[in-house]
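[1] curious how this folds, go ahead:
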Amino acid sequence: MQPDIISANSTPIGAAQQKVLRSTYMMLSFTMVPTFIGAMIGLSTTGFIMRHPIMSSLIMIAAIVGIQFAIAKNRNNSLGIVLLLTMTFILGWWLGPILNVALSLSNGPQLIGIAALGTGGILMVMSLIATTTKRDFSFMGKALFVGMIVVFLLMIGNMFFQIPALAMAISAMIIVVFSLFILHDVSRIVNGGETNYIMAATGVYISLYNIFVSLLHLLMAFAGNRE
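    Below you'll find the model as predicted:
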């Protein structure tokens, strides 16, 4: 196995893969705009979500899954970009409740900034690993999918049981699983397994979103100043 790794390291990323990678990162930068706008709107429109957390969560999950299917269907045309930006706006709006809670803390703005920097740092590290080693991490796909399902089921269960320790454990699991998803997804681009930047950006964005929310959740739990 080692000779294959060395050989891979000595081979530069192909022009086609570089183009997809650049387009993916550019698309990710564009998604930050509707995410920010959605978050600003979400800060002042969280009433329904707070009153009906379980119902609104299930509706949101169904809507996002539906949009992701629509993005996949339109990945080769401009509608795919519009759908992706729409999804990021909706997810930005969905940040409203947790941002409101964070901003109610005296050090809330700092915690939000740390979570954002931490998320960016994870993206940078995972991307560097994928692009410098050029190893094919697609073998992790099935295990990561199972991990995602386990996390999802635990989240659904904890909506009813509301166990703080379990919520912390779930957040930690999400950070690990979706960090590895970024490594997996960027690796697929580098090795030619993913050739569509819209699909690549969608996958990486979802991972970044989940990592940010989970980091912020943990930071509020362990470092939040309520005085």
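[2] so where is the chain shaky, pLDDT-wise?
    Scanning the chain for pLDDT under 70 picks out 1-12, 227.
[3] ok, longest helix in it?
    If you go by DSSP state H, the chain has its longest helix at helix 15-43.
[4] buried stuff in that helix?
    Buried residues in helix 15-43, counted by 16 or more other CB atoms under 10 Å: 17, 20-21, 23-25, 27-28, 31, 34-35, 38-39, 42. C-beta: built from backbone N, CA, C; applies to glycine.
[5] contacts for the host helix or strand of residue 86 next, please.
    Using DSSP states H and E, residue 86 sits within helix 78-94. In this structure, residues lying in contact with helix 78-94 by CB atoms under 8 Å, 6 or more residues apart in numbering are 27, 30-32, 34-39, 41-42, 45, 49, 60, 63-64, 67-68, 70-71, 74, 198, 201-202, 205, 209.
[6] between helix 15-43 and it, find me the angle.
    With axes from the mean of the first three to the mean of the last three CA atoms, to 10 degrees defining the directions, helix 78-94 sits at 40 degrees from helix 15-43.
[7] what comes up buried for helix 78-94?
    80-81, 83-85, 87-94.
[8] I'd like those as CSV, with distance to residue 168 appended.
    As requested, the buried residues of helix 78-94 are arranged in CSV below (distance: CB to CB, whole Å):
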residue, distance to residue 168
80, 36
81, 36
83, 34
84, 31
85, 32
87, 28
88, 27
89, 29
90, 26
91, 22
92, 24
93, 25
94, 21
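[9] how about the contacts made by the nearest residue to residue 223 once chain neighbours are set aside?
    Spatial nearest neighbour of residue 223, excluding adjacent residues (CB to CB, 6 or more residues apart in numbering): residue 111 at 6.5 Å. By CB under 8 Å, 6+ apart, the residues touching residue 111 are 102, 105, 216, 219-220, 223-224.
[10] now list the buried members of the residues you listed.
    For these, buried by 16+ other CB under 10 Å: 102, 105, 216, 219-220, 224.
[11] closest to residue 13 among the residues you listed?
    residue 216 (33.0 Å; CB to CB).
[12] separation between that closest one and residue 158?
    17 Å (CB to CB, to the nearest Å).
[13] can you check residue 198 too?
    33 Å.
[14] looking at these two, which one has more neighbours?
    residue 198 (22 against 16; other CB atoms under 10 Å).
[15] any chance you could read off phi and psi for the more buried one?
    phi -70, psi -50 (degrees, to the nearest 10).
[16] mind listing what it touches?
    27, 71, 75, 80-81, 84.
[17] what is the nearest of these to residue 146?
    So of the contacts of residue 198, ranked by how close each gets to residue 146 (CB to CB), first place is residue 71, at 23.3 Å.
[18] what's around that closest one, how many residues?
    21.
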